[in-house]
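Participant: Just need the structure, nothing else, for what follows:
(one chain, ligands or ions: 1)
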Amino acid sequence: MALFCSSVIKRALVPKLTRKLGECHLHTCASTCAAAPPDNVRYSWLSAAGGGAVDLTKDDASGLAVLTLNNPERLNAVTGHMMLQLGDIVNDLKEWKNGKALIVRGKGRSFCPGADLNMVYNMLDSKQGREMCSFMHRTLTELHRLPLISVAAIDGPAIGGGAELCTATDFRVMTERADIKFVQALLGIVPGWGGGTRLTRLVGRTRALDLLSSGRTIRPEEAVEIGLASWIIPTGRDVVEATTEWLQRYTRGRTEVVRAVKNVVVAGTELPVEEALAKEAEQFVNVWGGPAHVEAILKSMKHKK
Ligand SMILES: CC[C@H](C(=O)O)C(=O)SCCNC(=O)CCNC(=O)[C@H](O)C(C)(C)COP(=O)(O)OP(=O)(O)OC[C@H]1O[C@@H](n2cnc3c(N)ncnc32)[C@H](O)[C@@H]1OP(=O)(O)O
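Facilitator: Reported below is the predicted structural model:
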């Protein structure tokens, strides 16, 4: 198996992995991620894989939240502890009624290089692989469904699980030094956090197969060209400030309208057409005659005198 030869793996894991492979027994586990765990499943072994943090700030006045992957010594690699924190944060944001927008970013010079390889090395048995997969499937699916406009602000490498994480937001913006790389096939696996399905729906079958099977680097210009990214942040700009400004084109409306639009798009993406139309009608009724609607109609009446 051609290992993804990053300095990380050469230095840290190849010797250990070679020994491990010698003892390795082929796993014949069927589908890797069976049904996602119930909401409240918190695999205890994940919390034992410590290190790093996922921080969240929420501003009720603006409706903007900022989620920061905070493990800079490891370029924000995601530990088991961080996975559980991410799950808790997503559950918190599901209940945040003032939410309109979410920026997901990494601390320092990286977005996220995926799962912490030291943790991965210690969880190569199929049961823990399956449990991590199902936990992250649920967490990132719920993140993707949040009733607010989300954007990954990528200012550095987004690799492996990090590339999958950035497919779980509505938009992606990148700095010139950012890149995205789906390396899973080079590691002998396939995406384990749902990023393969989301990428295929984002860029189409042929491009997804190219990116997933080659594991090649996607630079900002190509990401914009193929519809994976929406904007390249000008060099020298503060990433969160620039992304906040960029987001305002989608979030300047009233909170209930921004949330209703996102709900319509989630339904249209995920539900059969009749159910999606019913959801759309439900959202329409929720905002019809509401403060934003009345205000806009009164304003437009002024133009008609
Ligand atoms: C389904 C998800 C999937 C899975 O769970 O199987 C994964 O996501 S597995 C992880 C896949 N990701 C990778 O293989 C990326 C590994 N990292 C790299 O290729 C490089 O670090 C890179 C390109 C991100 C940055 O390279 P650069 O030369 O700029 O920095 P270093 O390599 O020196 O890294 C600095 C520092 O960070 C540590 N690091 C980086 N990535 C990880 C990681 N994924 N897990 C743990 N630690 C990581 C690296 O070890 C260095 O720390 P040091 O103490 O100096 O060793």
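Participant: CA only for contacts and neighbour counts going forward, please
Facilitator: Will do.
Participant: Let me see the mean pLDDT of stretch 218-238.
Facilitator: For stretch 218-238, the mean per-residue pLDDT is 97.
Participant: likewise stretch 120-130?
Facilitator: pLDDT averaged over stretch 120-130 gives 90.
Participant: how about it: buried residues?
Facilitator: Along stretch 120-130, these residues count as buried under the neighbour rule (16 or more other CA atoms under 10 Å): V120, M123, Q128, G129, R130.
Participant: Using PDB, write out every CA atom in the helix or strand encompassing the first one.
Facilitator: Secondary structure here is read from DSSP states H and E; on that basis V120 sits in helix 117-121. Output of helix 117-121 as PDB, limited to C-alpha atoms (Å, rounded to 0.1, in the frame of the first residue of the first chain):
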ATOM      1  CA  LEU A 117      -2.600  10.300  12.900                       C
ATOM      2  CA  ASN A 118      -1.400   9.400  16.300                       C
ATOM      3  CA  MET A 119      -5.000   8.500  17.200                       C
ATOM      4  CA  VAL A 120      -5.500   6.800  13.800                       C
ATOM      5  CA  TYR A 121      -2.500   4.600  14.500                       C
END
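Participant: what's the next secondary structure element after it?
Facilitator: Heading C-terminal from helix 117-121 (DSSP H and E), you reach helix 126-145.
Participant: Quick one: list the elements packing against that next one.
Facilitator: Contact partners of helix 126-145 among helices and strands, from 3 or more CA pairs under 8 Å, 6 or more residues apart in numbering; DSSP states H and E: helix 80-95.
Participant: can you give me the helices for the stretch 151-300 of the chain?
Facilitator: Per DSSP state H, counting those that start in this stretch, the stretch 151-300 of the chain carries helices over the ranges 161-166, 195-203, 205-214, 220-225, 239-251, 255-270, 273-287, 291-303.
Participant: how distant is the third one from the center of its chain?
Facilitator: With CA atoms, centre = their mean, to the nearest Å as the basis, helix 205-214 stands 19 Å off its chain's centre.
Participant: hmm, back to that, anything in the helix holding V120 near the ligand?
Facilitator: Yes: Helix 117-121 lies within reach of the ligand by CA under 6 Å from any ligand atom, at L117, N118.
Participant: returning to what we had before: list just the one of the helices of the stretch 151-300 of the chain that sits closest to the ligand.
Facilitator: The ligand lies closest to helix 161-166 among the helices of the stretch 151-300 of the chain, at 3.6 Å (CA to the nearest ligand atom).
Participant: Let me know which of the helices of the stretch 151-300 of the chain is tucked in deepest.
Facilitator: helix 161-166 (a mean of 27; mean count of other CA atoms under 10 Å).
Participant: which residues does T175 bridge with?
Facilitator: Going by DSSP bridges, T175 is paired in beta bridges with I233.
Participant: Reformat the helices of the stretch 151-300 of the chain as JSON lines; add distance to C112.
Facilitator: As requested, these are arranged in JSON lines below (distance: least, CA to CA, whole Å):
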{"stretch": "helix 161-166", "distance to C112": "5"}
{"stretch": "helix 195-203", "distance to C112": "14"}
{"stretch": "helix 205-214", "distance to C112": "17"}
{"stretch": "helix 220-225", "distance to C112": "16"}
{"stretch": "helix 239-251", "distance to C112": "15"}
{"stretch": "helix 255-270", "distance to C112": "25"}
{"stretch": "helix 273-287", "distance to C112": "34"}
{"stretch": "helix 291-303", "distance to C112": "38"}
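Participant: Comparing those, which yields the minimum mean pLDDT?
Facilitator: helix 291-303 (a mean of 88).
Participant: What about T139, how many residues nearby?
Facilitator: 25 (other CA atoms under 10 Å).
Participant: Equivalent analysis for the one 5 residues further on, please.
Facilitator: In terms of burial, H144 registers 21 neighbours under the definition other CA under 10 Å.
Participant: show me what contacts the spatially closest residue to it that is not a sequence neighbour?
Facilitator: Once flanking residues are discounted, H144 sits nearest to A168: 4.9 Å by CA to CA, 6 or more residues apart in numbering. Contact analysis of A168 by CA atoms under 8 Å, 6 or more residues apart in numbering lists L140, T141, L143, H144, G195, R198.
Participant: Just send those residues back as a markdown table, with distance to I226 too.
Facilitator: Shown next, in a markdown table, are the contacts of A168 (distance: CA to CA, whole Å):
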| residue | distance to I226 |
| --- | --- |
| L140 | 22 |
| T141 | 22 |
| L143 | 23 |
| H144 | 20 |
| G195 | 16 |
| R198 | 14 |
